[in-house]
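Visitor: no sequence for this one, just the structure:
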DNA sequence: GTCGTTGCTGGTAGCGCTGTCAACGTTCCT
DNA sequence: AGGAACGTTGACAGCGCTACCAGCAACGAC
């Protein structure tokens, strides 16, 4: 007796249990911890669930268990293809797991981040992935008061809230400048947009390298808070040339800017790298197939997302990582745009960028 | 008597109600339909909720009300920047609403889509956004059996499940070819990658246009299922040149391929547009700042996402749109890469691509 | 004055699932 | 053989909220 189905017509756990000839709680265990069941009951419940097409009601589960199977992800931008790679990694790692991803966009505002964090935490997420290390004091306090695992991504720094995965933007920028120094460049400009904390640290690295070499000059820097774009790369480079006409190289804070600089050089008939060398940041796919091929600092974005989600899920399930802070490092991918000692005087058609020479791998593993 | 707080220390609705001196149900109404309360109670509940920092428990709400405030979004790719624009629109539109976005990646597999759909529907989403019109029969049946509003995005076609927003890829491709015909081109090649249904329809449009003009030739087509990239554009163009050395224009199924073709032409010292004209698809930001600037078919991706989410939320709340199918149209953005009749013989530095001439706006509004 | 109507409020009874604890059968140890 | 230890199972009582319906006051129509 009693209703067989919920009024919405959905199958409930009780139906599955009844068909399998077990109690609801045993059926429940099957979905959460199958090993706790005897093989006989396990197969019975399994086939009953299959036969009925049972899908657990997540809301009921969350209410009863006082926790969700949601991983919250806070990122500053959906547009930036840097984040789309990270996200892909996160989604890939979450696939097949019981956890679902809840994404929110802070739009590069730590106040917005704080607001979103409050909402997220109220729903008791299973875990949290947050971008960067520059939270508000309030956010920081909330994160530390939470008992769910947390991974900070995109960069590494002191005092992780919990786990941390990324690389040193400061070191990466220094490595880029060191590479240009190695090619004989001295008047190296900096072009940056958006100027979020990570881009700021790249600028810091650039400044430190230049100062150490006694080559620092404020006129070599063009930076704006405007969101980045290829077009903006050309505009900023134009500004930079006006300030420093005797420039011999440019470090671009990202690859879109670098592509914009490349095109602007084409317009002005500036030879790359003979007159001006270019180095970008992130090593997006197109860098290797541009003409000339563009040197860039490769960052492991997909791997970062994937590893962050994997670490997080492991931590949620009680498998804490051996080391909570993971430095994924970077590589300077030397290509034609910064190679004065060119072995090939003219690029061959197709696959020209093949000469991807790995130059540096500071900080972290490989 | 009775517990004041849940064991997790969270504020519940009952606490808010008590402080406000009303019954829990009245407090509940305040959050869902404030107009139903008298002004006096409304302010009392409001200040009580504020004072306690109350945040509703979504799981309990979902369980009790038998519905969620989740909008499910199924897209085929996270990498493709076409989708990141759409997603940004969706997230922007959902912000400030009570609805949250649940994103899943079908990886261009309609079987995977069917699987995800089953999971989504079991959780009774408030609404659903799905990509394209090529669902499996099973998926289609599930979608039609569901009572929540559904928006199909990215393209338009016959028999919408519910609402639909997009444009005709077929017409857009025909417009691209018509533009090239207008410039005097005849041997027009097609370069395509990924070859998902929408790219396939672009190819169909290309073929129809060429056949109508009596210019169709199978050797003018290079298409692969491989995921798209700039590098691949160069490779495919190389293949195309091998098949059809007397080519005078290329229609690229997307802008990344077009950029790859541009670079390959540079490598081969093929003059654009004098020897070969190029037209891309989507009009990503960089197209206008490349050298030469690249003609492309502009699609309204952000607007598509934003409008889809807005329409969906309106429909969820009972405000059905006047017309369920919305054609957002497209525009051929004529630039240097396809303009033989160039007014400017040499592009000026910076902002060179300014000469964005709008050529066509078939299908839909503006 | 009686009846219906409207606007607001509250009580009751779950939504579907899991935490806790108790109970059972079996095995292994001393 | 007795008892502890383990593995497996089930009963009960909610999780925090809302659907549903009843109740009540204020008002107007007859």
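Guide: Great, that's in hand. Keep in mind that this is a model prediction, so the values were computed, not measured.
Visitor: what's the burial count for the closest residue to residue A:291 other than its chain neighbours?
Guide: Leaving aside its sequence neighbours, residue A:291 sits nearest to residue B:266 (Cβ to Cβ, 6 or more residues apart in numbering or on different chains; 4.1 Å). Where C-beta positions appear, they are placed from N, C-alpha and C, glycine not excepted. Neighbour count of residue B:266, defined by other Cβ atoms under 10 Å in any protein chain shown: 20.
Visitor: before we move on, what about residue A:184?
Guide: 11.
Visitor: Give me the distance between it and residue A:279.
Guide: Distance, residue A:184 to residue A:279, by Cβ to Cβ, to the nearest Å: 14 Å.
Visitor: before we move on, what about residue A:87?
Guide: The gap separating residue A:87 from residue A:279 is 26 Å, by Cβ to Cβ.
Visitor: Then residue A:114?
Guide: 35 Å.
Visitor: cool, residue A:261 as well?
Guide: 10 Å.
Visitor: Then residue A:23?
Guide: 66 Å.
Visitor: Which one's more surrounded, these two?
Guide: residue A:279 (32 against 13).
Visitor: who touches residue A:37 in this structure?
Guide: Residue A:37 is in contact with A:26, A:29-30, A:45, counting by Cβ atoms under 8 Å, 6 or more residues apart in numbering or on different chains.
Visitor: My read is that residue A:230 contacts residue B:294, right?
Guide: No: counting by Cβ atoms under 8 Å, residue A:230 does not reach residue B:294; the two are 11.3 Å apart.
Visitor: When those two are compared, which one has more neighbours?
Guide: More crowded of residue A:230 and residue B:294, by other Cβ under 10 Å: residue B:294, with 29 against 24.
Visitor: if I look at that one, how far off is residue A:340?
Guide: 30 Å.
Visitor: still on that earlier bit, using the three-state scheme, assign the residue nearest to residue A:291.
Guide: State at residue B:266, reduced to three classes by DSSP: H, G, I helix; E, B strand; the rest coil: helix.
Visitor: ok, and the most crowded of the contacts of residue A:37?
Guide: residue A:45 (26 neighbours).
Visitor: ok, for residue A:97, nearest residue in space, not its chain neighbours?
Guide: residue A:313 is the one closest to residue A:97 (Cβ to Cβ, 6+ apart), at 5.5 Å.
Visitor: Measure how buried that neighbour is and give me the count.
Guide: Applying other Cβ under 10 Å, I find that residue A:313 has 19 neighbouring residues.
Visitor: Hmm, residue A:99 and it touching each other?
Guide: Yes: the pair residue A:313 and residue A:99 qualifies as a contact (Cβ under 8 Å) at a distance of 6.1 Å.
Visitor: anything in contact with each of those two?
Guide: Common contacts of residue A:313 and residue A:99 (Cβ under 8 Å, 6+ apart): A:71, A:127.
Visitor: So which residues of chain A form strands?
Guide: A:70-75, A:100-105, A:127-131, A:150-153, A:163-166, A:188-192, A:221-223, A:249-252, A:277-282, A:295-299, A:325-327, A:330-334, A:357-358 (DSSP state E).
Visitor: quick one: strands adjacent to the first one?
Guide: Each strand that pairs with strand A:70-75, with its direction, by DSSP bridges: strand A:100-105 (parallel), strand A:127-131 (parallel).
Visitor: With mean pLDDT and distance to residue B:150 as added columns, please give those in a markdown table.
Guide: Listed next are the strands paired with strand A:70-75 as a markdown table, based on pLDDT from 0 to 100; distance: least, Cβ to Cβ, whole Å:
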| stretch | mean pLDDT | distance to residue B:150 |
| --- | --- | --- |
| strand A:100-105 | 92 | 20 |
| strand A:127-131 | 96 | 30 |
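Visitor: Any idea which of these gets closest to DNA strand C?
Guide: Closest approach to DNA strand C among the strands paired with strand A:70-75 (Cβ to the nearest atom of the strand): strand A:100-105, 14.7 Å.
Visitor: so how far is that closest one from its chain's centroid?
Guide: 14 Å (Cα atoms, centre = their mean, to the nearest Å).
Visitor: Residue A:245 - how many residues pack around it?
Guide: So residue A:245, with other Cβ under 10 Å, has 8 neighbours.
Visitor: oh, I was asking about residue A:19
Guide: Burial of residue A:19 is recorded as 18 neighbouring residues (other Cβ under 10 Å).
Visitor: Need the nearest residue in space to it, chain neighbours excluded.
Guide: With Cβ to Cβ, 6+ apart, the residue lying closest to residue A:19 is residue A:48, at 4.1 Å.
Visitor: again, but for residue A:284
Guide: Once flanking residues are discounted, residue A:284 sits nearest to residue A:255: 4.4 Å by Cβ to Cβ, 6+ apart.
Visitor: What does the pLDDT read for that neighbour?
Guide: Residue A:255 is assigned a predicted lDDT (pLDDT) of 98.
Visitor: And the closest residue to DNA strand D within the stretch 201-350 of chain A, how close does it get to chain B?
Guide: Residue nearest to DNA strand D within the stretch 201-350 of chain A: residue A:318 (17.1 Å; Cβ to the nearest atom of the strand). From residue A:318 over to chain B the distance is 19 Å, taken as Cβ to the nearest Cβ, to the nearest Å.
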